[in-house]
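Engineer: Below are the sequence and a predicted model for it; my questions follow.
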Amino acid sequence: MTAVVAGTGIRRFALIGTPNSGKTALFNALTGSRQKVANYPGVTVERKTGALTTPSGRSVNIVDLPGTYSLRARSPDEEVTRDVVLGRFKAEEAPDLLLCVADATNLRLSLRLILELKRVGRPLLLVLNMIDIAKRRGVEIDTDLLSRELGVPVVTAAAVRRGGTEDLLSRLDAIASLEGLQPSSDPNWHAPTTGDLRAGQREADRIIKLAVKHPAKPDTLTTRLDAVLLHPVFGLIFLLVLLFVMFQAVFTWAQPLMDLIEAGFDGLGGLVQAYVPDGLLQSFLKDGVISGVGSVLVFLPQILILFLFILLLEDLGYMARAAFLMDRIMGGAGLHGRAFIPLLSSFACAIPGIMATRVIDNPRDRLTTILVAPLMTCSARIPVYTLIIAAFIPNKPVLGFFGLQGLVMFGLYAAGIVSALAVSAIAKFVFWRDDPTPPFMLELPDYKLPRPRSVVMGLYMRAKMFLTRAGTTIFSMMVLIWFLASFPRPPAGATDPAIDYSLASIIGHAIEPLLAPIGFNWQIAVALIPGMAAREVAVAALGTVYSIEGGKEAAEQIGQALANKWTLATALAMLAWYVFAPQCASTLAVIKRETASWKWMWVTFFYMLALAYLAAFATYHVAVAFGAG
Ligand SMILES: Nc1nc2c(ncn2[C@@H]2O[C@H](COP(=O)(O)OP(=O)(O)OP(=O)(O)O)[C@@H](O)[C@H]2O)c(=O)[nH]1
Ligand SMILES: [Mg+2]
């Protein structure tokens, strides 16, 4: 028995394979986890572990790894895979077995990888995943012959089908009960040279010729769709229309649901006012919890609609195509084609977007992408944008079928994208003028119909995350704001509104002079500080401050309060501010971690702050000049 097994009694199996071959789908099927699975290469960027109990009751530790074509690691995510496989990963024992996952419909690069892995000297098992698709297309694989030629045992699987991992499980069971599994590796291992890789590819092609028969009529759906969707003109038009429909949908489809949630919170507020005696408790519940947290929760439908689109596009296999289409435009701005998916993920949140840059091998390209990712419009900005747009922009039709509100929203997203391109172009010019951008290579996955279960699961996870945030970060910030806006209590016989005596007012008025040139009042100043915890907190904070300020009678909703108390110029300046402001501490923390430097974190913070201030200043003064003050 090996030391590893004797020590813990638990086997460690690692999933390794080419990108998009279904490793994470298998990992989820085996361990019951819910790691992100999507139809483009580069979804997993760090190692994840989970536990499997085999049919005969043995415990196995499963490690999911980022996809890679070779152990000649080029990017940070591939380095993780290489180090785990070689047993060099700090604080982790080497795996007892490498489960090499291959896409059965596309074996060339997978077989080259497994030939390369053989040189490491660890026990191997080749899993031919997506066997369901291969069968449907009529691809015939002689697994016995394949196994003999490779000198590696082979098993088939369909990770996302019910019962699709049974054969694999019984294999794993047998392997887990083997006594003499030696997790050793060849001490003379060296990274493959280009020559090694070529030789490996020739050998892989020879084996494929022997063991795999492709149907006479290849699958043409993907080719036919790509003729249109990858077309340099029609493809781009399609992408733009798609994005526009997405933003329009976020606005219009969500409205009925938002009205419903809003009515629910209004009802709750009414109940609290009727049944909880006047005083601090009533104010805490009504102004702090209901006006504050409630004003953020109403945005759940919009966020879910946005994610519905993103999840569908990811599962369909469209994301990698969009990256391909955008490569020319992004290249012009000094961004690498590989930056597209990280930047698109940043529409959800800059944090996973910044993590996704690990697939970019060139450190300079990776850094540029990290610097501009926070400019993409994350979903936490949606509440701020929507609230202000709904309060100030009339819902007029434009050109017959576009809504003005939807257009403004689209404009804000566009402002984020254009400024990201501009900043990266400037960064390239200033820091890396002479470095050429390396060519862009990305395997385009086949189109797949999204599976309803995984889409629903993805939405559920998003909803859970949003609600958890509302219940923790946002709620605790609200308690703080409510406290600051309620204490100290006004002196006896005071005639001004109670909030004027509070700490919030003192702090807000102290900062106000700095923000007055961009048209912000003291209430906004108060809301911006806790907004650093999470952008949407600013909305909640305004809800609380205006609710306390309004006193008992103020039944008006926050949107109405803003419409009454802000000028149009202030509202527009606030929108401009939010396009750029570095309003999120967690993003800054992730930048620090991913770049391993304080310097780049501060660079991001200050350049975004400067842009935000300038943009808000310009917007405010132009708007005032046009009479919107
Ligand atoms: N039909 C079918 N689809 C599968 C199967 N396994 C995975 N998929 C789909 O293939 C796509 C890629 O799956 P992932 O599990 O994200 O692939 P991965 O190997 O983890 O990819 P990276 O993390 O990017 O390296 C997803 O759209 C899955 O739903 C399978 O056995 N059958
Ligand atoms: Mg994965």
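Structural biologist: Sure thing, it's come through. Numbering: from 1, shown residues only. Ligands and ions are numbered 1, 2, ... in the order given.
Engineer: Please enumerate residues in contact with stretch 70-85?
Structural biologist: Under the criterion CB atoms under 8 Å, 6 or more residues apart in numbering, residues 14, 16, 42, 44-47, 63, 65-68, 86, 88-89, 92, 94-95, 98, 112-113, 116-117, 120, 122, 191-192, 197, 358-361, 366 lie in contact with stretch 70-85. No exception for glycine: its C-beta is placed from N, CA and C like everyone else's.
Engineer: what comes up buried for that stretch?
Structural biologist: By neighbour count on 16 or more other CB atoms under 10 Å, the buried set for stretch 70-85 is 70-73, 75-85.
Engineer: Can you name the next helix or strand after the host helix or strand of L30?
Structural biologist: Using DSSP states H and E, L30 falls within helix 23-31. Toward the C-terminus, helix 23-31 is succeeded by strand 48-53 as the next helix or strand (DSSP H and E).
Engineer: quick one: is that next one near ligand 1?
Structural biologist: No - applying CB under 6 Å from any ligand atom, one finds strand 48-53 out of contact with ligand 1, separated by at least 10.0 Å.
Engineer: in that strand, what counts as buried?
Structural biologist: Result for strand 48-53 [16+ other CB under 10 Å]: buried residues 48, 50, 52.
Engineer: If you average the pLDDT over the helix holding L30, what comes out?
Structural biologist: Helix 23-31 shows a mean pLDDT of 96.
Engineer: what does stretch 617-628 give?
Structural biologist: pLDDT averaged over stretch 617-628 gives 93.
Engineer: repeat for stretch 109-116
Structural biologist: 95.
Engineer: hmm, back to that, so which of the buried residues of stretch 70-85 sit within helices?
Structural biologist: Residues of the buried residues of stretch 70-85 located in helices (DSSP state H): 76-85.
Engineer: The residue in the stretch 501-629 of the chain that ligand 1 sits nearest to: neighbouring residues, count only.
Structural biologist: Closest contact between the stretch 501-629 of the chain and ligand 1, by CB to the nearest ligand atom, is at E594 (17.9 Å). Number of residues near E594 (other CB atoms under 10 Å) recorded here: 20.
Engineer: Could you verify my assumption that it touches M355?
Structural biologist: Yes - at 6.9 Å, E594 and M355 qualify as touching, with contact defined as CB atoms under 8 Å.
Engineer: Now do the shared contacts for those two.
Structural biologist: By CB under 8 Å, 6+ apart, no residue touches both E594 and M355.
Engineer: Could you work out the end-to-end span of stretch 129-140 for me?
Structural biologist: End-to-end distance for stretch 129-140, by CA to CA, to the nearest Å: 14 Å.
Engineer: So that stretch, near ligand 1 or not?
Structural biologist: Yes - against ligand 1, stretch 129-140 shows contacts by CB under 6 Å from any ligand atom at 129-130, 132-133.
Engineer: Got the confidence number for the one residue in the stretch 351-500 of the chain that gets nearest to ligand 2?
Structural biologist: With CB to the ion as the measure, V359 is the residue of the stretch 351-500 of the chain nearest to ligand 2, at 11.3 Å. With respect to pLDDT, V359 scores 87.
Engineer: do the same with T437
Structural biologist: 66.
Engineer: For this structure, name the helix or strand with the lowest mean pLDDT.
Structural biologist: None of the helices or strands of the chain scores lower by mean pLDDT, DSSP states H and E than helix 3-8, at a mean of 42.
Engineer: So which elements touch the very next helix or strand once past that helix?
Structural biologist: Where DSSP H and E defines the elements, the next helix or strand beyond helix 3-8 is strand 11-17. If contacts are counted by 3 or more CB pairs under 8 Å, 6 or more residues apart in numbering; DSSP states H and E, strand 11-17 sits against helix 23-31, strand 59-64, helix 76-86, strand 97-103, helix 108-118, helix 166-176.
Engineer: so what strands line up beside the shortest one?
Structural biologist: Here strand 59-64 has these sheet partners by DSSP bridges: strand 11-17 (parallel), strand 48-53 (antiparallel).
Engineer: and it, is it in reach of ligand 1?
Structural biologist: No - legend: contact between strand 59-64 and ligand 1 by CB under 6 Å from any ligand atom is lacking; minimum distance shown is 6.9 Å.
Engineer: List of residues touching that strand?
Structural biologist: Under the criterion CB under 8 Å, 6+ apart, residues 9-15, 23-24, 27, 30-31, 35, 44, 47-54, 84, 95, 172, 176 lie in contact with strand 59-64.
Engineer: Next, the buried residues of the host helix or strand of D144.
Structural biologist: For D144, the host element (DSSP H and E) is helix 143-150. Neighbour-count burial for helix 143-150 flags 143, 146, 149-150 (criterion: 16+ other CB under 10 Å).
Engineer: ok, now stretch 272-282?
Structural biologist: 272, 282.
Engineer: average pLDDT across it?
Structural biologist: 86.
Engineer: what comes into contact with it?
Structural biologist: For stretch 272-282, contacts defined as CB under 8 Å, 6+ apart pick out 285-286, 290, 486, 552.
Engineer: Which of those sits closest to V418?
Structural biologist: Nearest to V418 among the contacts of stretch 272-282 is I290, at 38.3 Å by CB to CB.
Engineer: And that closest one, what's its pLDDT?
Structural biologist: 82.
Engineer: so what's it up against?
Structural biologist: Contacts of I290 by CB under 8 Å, 6+ apart are 265, 268-269, 272.
Engineer: tell me the secondary structure for the residue nearest to the residue of the stretch 501-629 of the chain closest to ligand 1 when sequence neighbours are not counted?
Structural biologist: Spatially, and ignoring its direct neighbours in sequence, E594 is nearest to I354 (5.5 Å; CB to CB, 6 or more residues apart in numbering). Classification of I354 using DSSP: H, G, I helix; E, B strand; the rest coil returns helix.
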